[in-house]
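> My questions concern the predicted model and sequence given below.
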Amino acid sequence: MSGHSKWATIKRQKGKTDAARGKVFTKIGREIAVAVKFGGPDPSTNSKLRDVIAKAKANNMPGDNITRSIKKASGELGSINYETITYEGYGPGGTAVIVETLTDNKNRTASDVRHIFDRSGGSMGTNGCVSYLFSNKGIIIIEKKDGMDDDEVMMAALDAGAEDFNIEDGSYEVLTDPNEFSSVREKLENAGYEFVSAEVSMIPSNYISLDEDNLKKVMRMLDSFEESDDVQNVYHNAELPEEEDEE
């Protein structure tokens, strides 16, 4: 189920407008700024930056944009201090939601996140209220293309150090320990595999089914979080139906 829901979310995001994709690039630019500040502008010596670059490429961010973001982070953006803050809460239908943010104004961000929860019919909770329902894992999604052999891809992933491997509809899902994510990703990349998605994520232990009304409310809530400049990632345990998989 985790692969299905993750793949559905990815395809939904990829179906967004150019303007929405531009917002994704802006958010990845922030991650690049944090990675550069953390370990320098050279990806050969900064594994965190290498991971963000891989995420940028998986989101079809042009190479010029990536290079420009690194240069900006080394220069004028170097004085901007982004703080990572995670919020937890409940969405429509009792959905468990985790919101990861990068912000230079935590009061503004907290207010915005709380407003989205409230407006969606949910509520922001305290740290730890839903995170116990999720596991931190590296997730690499490889789109299944004609001619690819399932066993061959699985063995490549396991040989690279993956913890688990799932074959979902139209994709391969590779799960790793978060500490081994960079190593597994780089080995698969060097083996010639292209990623639809490659990032450390939060996977729910189980998913909940929602009625049509609550599902619409959850989708609107997710859209609102995506539109927020400060929100980097949103994790939830709402089961996305097949029809959302085709967006």
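Arrived safely, thanks for sending. All values derive from a computational prediction rather than experimental measurement.

> Could you measure from I98 over to V130?
For I98, the distance to V130 equals 7 Å [CB to CB, to the nearest Å]. All C-beta atoms are positioned from the backbone trio N, CA, C, and that covers glycine.

> shared neighbours of those two, anything?
Both I98 and V130 are in contact with E88, where contact means CB atoms under 8 Å, 6 or more residues apart in numbering.

> list the buried ones in the strand of greatest length in the chain?
Looking across the chain with DSSP state E, the single longest strand is strand 134-143. Across strand 134-143, burial judged by 16 or more other CB atoms under 10 Å covers F134, K137, G138, I139, I140, I141, I142, E143.

> ditto for stretch 185-194
Of all the residues in stretch 185-194, those buried under the rule 16+ other CB under 10 Å are R185, K187, L188, E189, Y193.

> wait, what's in contact with the nearest residue to T45 once chain neighbours are set aside?
In this structure, T45 finds its nearest non-sequential neighbour in G39, 7.1 Å apart by CB to CB, 6 or more residues apart in numbering. When contacts are counted by CB under 8 Å, 6+ apart, G39 is found next to T45, N46, S47, K48, L49.

> Columns secondary structure and neighbour count on top of the residues you listed, output as CSV?
Shown next, in CSV, are these (DSSP: H, G, I helix; E, B strand; the rest coil; neighbours: other CB atoms under 10 Å):
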residue, secondary structure, neighbour count
T45, coil, 10
N46, coil, 18
S47, helix, 16
K48, helix, 17
L49, helix, 24
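
> phi, psi of the residue nearest in space to the middle of the chain?
Nearest to the geometric centre of the chain sits N233, at 5.3 Å (CA atoms, centre = their mean). Note on N233: backbone dihedrals following degrees, to the nearest 10 are phi -140, psi 150.

> quick one: average pLDDT of the helix ranked longest in the chain?
Taking DSSP state H as the assignment, the helix of the chain that covers the most residues is helix 18-39. Averaging pLDDT along helix 18-39 yields 83.

> Also stretch 239-247?
In this model, stretch 239-247 carries a mean pLDDT of 54.

> quick revisit: which of the buried residues of stretch 185-194 lies at the shortest distance from P62?
E189 (18.3 Å; CB to CB).

> Okay, and the closest one sits in which element?
Here E189 sits within helix 181-190, counting by DSSP states H and E.

> Please name every helix or strand in contact with that helix.
helix 47-58, strand 134-143, helix 150-160, strand 171-176 (3 or more CB pairs under 8 Å, 6 or more residues apart in numbering; DSSP states H and E).

> any idea how far K48 is from the residue nearest to T45?
Distance, G39 to K48, by CB to CB: 6 Å.

> ok, now E83?
From E83 to K48 the distance is 16 Å (CB to CB).
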